[in-house]
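K.L.:
structure, please.
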Amino acid sequence: MAEIRPFCGLRYSPAHDLALVTSPPYDVISPQRRLELLDRSPHNIVAITLGPSEMNAQAWYDQAAGQKRDWIAEGVIQRDSEPALYGYSQVFKGPQGRPLTRTGFMACVRLRPWGQGIHRHEFTRKGPRADRLALIKAMRANTSPVFGLYRDPDRGIARLLTPPANAQRFSDDGVEHIFWPISDRSVVQTIVEAMAQRDIVIADGHHRYETALAYSEYCRQQTPAARELASDYVMMYLNAIEDPGLLVLACHRVVHDWPVDGAKLLRDLSADFELQPAPQGRTLSDLIAPNEDEILLGAILPDKSRWMLRLRDRRRALEAASGHSDPMLATLDVVVLQNLVLEPHLDIDADVLSSTSHVTYTIDEDLAHHAVCSEQTSAAFIINATTLDQVWETALAGVTLPQKSTYFSPKLQTGLVFNSLETL
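P.N.:
Take a look at the predicted model:
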């Protein structure tokens with residue numbers, strides 16, 4: 001089960017407007033967006049989480065670590081005097097403009113191997129792990145939290161997460177962020193004890209968690225004594241899976257620089273799928289909306305045509321999964337797409353997904369459609385979102401989804417609080 005603790009967070013001093021110094025996670029920031037964030041403030045967190053693309057990686061890691069030290073010395077970021085958990089709410093518009101609020105809290109969570117109270121739900125790619133490990137070795141701090149899910153059916157923890165009147169509030173990219181420390185010892189203890197009875201499933205930030213595991217092992221090798229180290233923990237945002245504001249979106253697949261013969265693909269797919277041209281005026285996402293009795297996928301092909309792919313027989317999904325996908329996953333859209341479309345007909349196997357840039361991901365069907373129509377990409381495939389129950393049940397069963405099977409929206413803002421890995 002999960003072992004969490006409060007921590008003395010490093011935070012921007014009150015003189016700094018969080019709207020100017022925080023940012024989205026590093027992995028959704030383009031080079032142009034990075035420059036825009038630095039124009040907001042030279043102290044924007046992106047200065048120490050994402051380097052310029054033209055700069056030598058190791059030189060930038062060292063520069064970022066030096067920048068963090070300078071900010072501490074100058075009082076730009078300050079360490080809280082007492083341990084706390086940190087409440088965090090995001091207010092945003094969901095599908096069809098419906099207002100939603102997602103509320104959780106940040107804590108330090110003791111690192112465990114996968115399956116020992118902490119569970120992953122999808123595989124990761126190799127490149128980001130190496131990059132983040134090099135940065136954490138230089139920075140010796142968590143600057144961005146892992147995103148974890150837990151069960152809270154009686155809302156015992158949720159009732160303790162009401163933002164106070166003096167909570168910090170700011171808006172960015174259409175999301176209102178509300179952040180506050182939780183330092184009342186009885187409240188902290190109640191949450192810590194409640195979490196000790198629960199599992200955690202990683203929703204987002206698998207790379208950061210695996211990086212933290214690798215860094216913990218590295219520190220153990222440097223410090224063979226058995227004493228507890230700060231690197232035995234990772235900063236994590238924890239959100240109840242029952243939270244009505246918890247929103248998971250589909251990650252559509254976009255194929256780049258890869259041969260796709262649309263006419264041949266349709267002929268080949270017709271053995272397993274009923275093919276229907278998509279009518280104008282409706283998105284593929286709407287047309288393939290989840291249906292208990294059917295599995296439907298969408299395709300945007302090189303000739304700009306849009307197609308609905310209806311699986312003729314669910315047994316084909318089970319047959320295709322046999323030997324390399326767990327039966328629990330066989331009928332999930334993301335797995336059907338991989339096992340019955342991408343791998344057998346386009347030769348896009350797990351190795352291609354893991355180690356190359358030939359397949360990228362987007363939650364925006366319009367962007368995928370535009371990319372194909374403007375000939376920037378070869379094809380795009382539209383899928384339904386994996387549900388929260390599917391994420392939870394497969395993770396606890398030790399079954400891992402393919403890369404980018406989910407997109408939890410909105411992303412957590414980076415820079416609200418840091419966790420030093422130098423001292424407990």
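
K.L.:
flag every buried residue along stretch 296-312.
P.N.:
Buried positions in stretch 296-312, judged by neighbour count with 16 or more other CB atoms under 10 Å: 296, 297, 298, 299, 300, 301, 302, 306, 307, 308, 309, 311. All C-beta atoms are positioned from the backbone trio N, CA, C, and that covers glycine.

K.L.:
just stretch 284-293 next, same as before
P.N.:
By 16+ other CB under 10 Å, the buried positions in stretch 284-293 come out as 284, 285, 287, 288.

K.L.:
what about the first one, distance to residue 104?
P.N.:
Residue 284 sits at a distance of 32 Å from residue 104 (criterion: CB to CB, to the nearest Å).

K.L.:
which strand in the protein has the most residues?
P.N.:
Determined from DSSP state E, the single longest strand within the chain is strand 99-110.

K.L.:
now for that one, which elements pack on it?
P.N.:
Counting contacts by 3 or more CB pairs under 8 Å, 6 or more residues apart in numbering; DSSP states H and E, strand 99-110 packs against strand 4-5, strand 85-93, helix 185-195, strand 233-240.

K.L.:
tell me the strands beside that strand, with direction?
P.N.:
The strands beside strand 99-110 in its sheet (DSSP bridges) come out as strand 4-5 (antiparallel), strand 85-93 (antiparallel), strand 233-240 (antiparallel).

K.L.:
just the helices from the stretch 201-350 of the chain, written as ranges.
P.N.:
Taking DSSP state H, counting those that start in this stretch as the test, the helices found in the stretch 201-350 of the chain are 206-222, 262-269, 284-287, 314-321, 333-337, 343-346, 350-355.

K.L.:
after the last one comes which helix or strand?
P.N.:
Read in the C-terminal direction, the helix or strand following helix 350-355 is strand 359-362, with elements assigned using DSSP states H and E.

K.L.:
just the C-alphas of the following helix or strand past that following strand, formatted as CSV.
P.N.:
Using DSSP H and E, the next helix or strand after strand 359-362 towards the C-terminus is helix 365-373. The C-alpha atoms that make up helix 365-373 are tabulated as CSV, following Å, rounded to 0.1, in the frame of the first residue of the first chain:
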residue,chain,number,x,y,z
GLU,A,365,-9.0,15.3,-34.2
ASP,A,366,-9.0,18.6,-36.1
LEU,A,367,-5.2,18.9,-35.8
ALA,A,368,-4.8,15.3,-37.0
HIS,A,369,-7.1,15.9,-40.0
HIS,A,370,-5.3,19.1,-40.9
ALA,A,371,-2.0,17.4,-40.7
VAL,A,372,-3.1,14.7,-43.2
CYS,A,373,-4.9,17.2,-45.5
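
K.L.:
could you name the helices and strands sitting against helix 365-373?
P.N.:
Contacts defined by 3+ CB pairs under 8 Å, 6+ apart place helix 365-373 against strand 252-255, strand 296-300, strand 379-382.

K.L.:
surely residue 146 touches residue 235?
P.N.:
Yes. Shown here, residue 146 and residue 235 form a contact pair, counting by CB atoms under 8 Å, at 7.2 Å.

K.L.:
start and end of stretch 305-319, how far apart?
P.N.:
29 Å (CA to CA, to the nearest Å).

K.L.:
how far away from the center of its chain is it?
P.N.:
Taking CA atoms, centre = their mean, to the nearest Å, the mean C-alpha location of stretch 305-319 is offset from the chain mean by 28 Å.

K.L.:
give me the domain ranges for the protein.
P.N.:
4-246+410-420, 251-384 (automatic domain parsing).

K.L.:
those: which one's closest to residue 397?
P.N.:
domain 251-384 (6.2 Å; CB to CB).

K.L.:
mean confidence score for that closest one?
P.N.:
In this model, domain 251-384 has a mean pLDDT of 91.

K.L.:
check stretch 166-177 too.
P.N.:
96.

K.L.:
please identify the buried residues of that stretch?
P.N.:
If you call a residue buried by 16+ other CB under 10 Å, then stretch 166-177 has these buried ones: 168, 170, 172, 175, 177.

K.L.:
same check, this time on stretch 89-104
P.N.:
With burial defined by 16+ other CB under 10 Å, the residues of stretch 89-104 counted as buried are 89, 90, 91, 92, 94, 100, 102, 103, 104.

K.L.:
before we move on, the earlier item: touching both of residue 146 and residue 235, which residues are there?
P.N.:
Common neighbours of residue 146 and residue 235 (criterion: CB atoms under 8 Å, 6 or more residues apart in numbering): residue 109.

K.L.:
let me see the contact set for the residue lying closest to residue 28 once chain neighbours are set aside.
P.N.:
With CB to CB, 6 or more residues apart in numbering as the criterion, residue 28 has its nearest non-adjacent residue at 6.3 Å, and that residue is residue 411. Residues near residue 411 by CB under 8 Å, 6+ apart: 24, 25, 28, 204.

K.L.:
doesn't residue 411 fall inside a helix?
P.N.:
No. Per DSSP: H, G, I helix; E, B strand; the rest coil, residue 411 lies outside any helix segment and is coil.

K.L.:
any idea how far residue 18 is from it?
P.N.:
When distance is defined by CB to CB, residue 411 is 15 Å away from residue 18.
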